[in-house]
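Peer 1: My questions concern the predicted model and sequence given below.
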Amino acid sequence: MKKIVLFLLLAAVSFSLVAQQDSPTAKGIKVINIGTGLFGGSGGANFIPIHFGVDFLVVNNLSVGGDLNWRYYSSQGVVGKPSLISLQAVIDYHLNEVMHLSPQWDFYGGVKLGPGYMTTDKDKEAFNMNYSNGVKFVADFRAGTRYYFNDHMGINAEIGVLTVSGTKTTGAEFLIGITIKN
């Protein structure tokens with residue numbers, strides 16, 4: 001009886017270790033995201049975001065990282081061609097174990113916070129103080145998913161709510177891109 005219990009215990013441990021290695025949210029994995037999308041709010045689909053991010057899974061199902069974003073206003077003649085570049089710290093909780101998902105999927109929710117710098121035409125800045133030049137604080141609350149085609153490559157999609165301090169820039173953002181898992 002002891003041999004059977006020992007065998008079952010070893011089999012369970014071995015199975016959990018193998019399953020852990022297949023998980024896209026296991027400790028030690030690095031994920032790179034590159035993409036673009038749309039930002040709507042403050043009067044329509046205004047900003048076009050371009051982003052590059054890196055996430056490190058520090059413990060199972062919890063990642064931290066950074067995200068570099070550049071957003072430019074698509075209706076530039078109206079408010080003086082504002083653009084915003086930001087560098088944000090990222091923290092995400094991955095829901096794979098809670099949702100019992102296959103290793104091809106990665107669902108997560110989290111936040112990006114950090115400084116940004118907004119620029120606009122000087123002659124329009126006096127007219128529209130909602131998009132003034134200078135340092136801003138950028139906050140982005142988001143939820144997203146990744147689908148992996150193989151062990152290293154996938155696609156990602158996110159929705160979020162973004163706000164920029166000292167501006168009327170608040171609204172919904174949709175991002176889509178490529179994910180590289182290492």
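Peer 2: Nice, I can see it. Small disclaimer: the values here were computed from a predicted structure and weren't measured.

Peer 1: what about the strands in the protein?
Peer 2: Using DSSP state E, the strands of the chain run over 30-41, 45-59, 62-73, 83-94, 105-119, 134-148, 153-164, 170-181.

Peer 1: would you turn these into CSV with mean neighbour count and distance to residue 23?
Peer 2: Every C-beta, even on glycine, is put in place using the N, C-alpha and C of the backbone. Below are these laid out as CSV (neighbours: other CB atoms under 10 Å; distance: least, CB to CB, whole Å):
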stretch, mean neighbour count, distance to residue 23
strand 30-41, 18, 12
strand 45-59, 18, 9
strand 62-73, 19, 12
strand 83-94, 19, 9
strand 105-119, 19, 9
strand 134-148, 18, 11
strand 153-164, 18, 14
strand 170-181, 18, 11
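
Peer 1: Throw these into JSON lines and include distance to residue 24 and mean pLDDT, thanks.
Peer 2: Below are those laid out as JSON lines (distance: least, CB to CB, whole Å; pLDDT from 0 to 100):
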{"stretch": "strand 30-41", "distance to residue 24": "8", "mean pLDDT": "87"}
{"stretch": "strand 45-59", "distance to residue 24": "9", "mean pLDDT": "86"}
{"stretch": "strand 62-73", "distance to residue 24": "10", "mean pLDDT": "90"}
{"stretch": "strand 83-94", "distance to residue 24": "8", "mean pLDDT": "93"}
{"stretch": "strand 105-119", "distance to residue 24": "4", "mean pLDDT": "93"}
{"stretch": "strand 134-148", "distance to residue 24": "6", "mean pLDDT": "92"}
{"stretch": "strand 153-164", "distance to residue 24": "8", "mean pLDDT": "92"}
{"stretch": "strand 170-181", "distance to residue 24": "6", "mean pLDDT": "90"}
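
Peer 1: From residue 147, how far out is residue 165?
Peer 2: 34 Å (CB to CB, to the nearest Å).

Peer 1: Sounds good, over and out.
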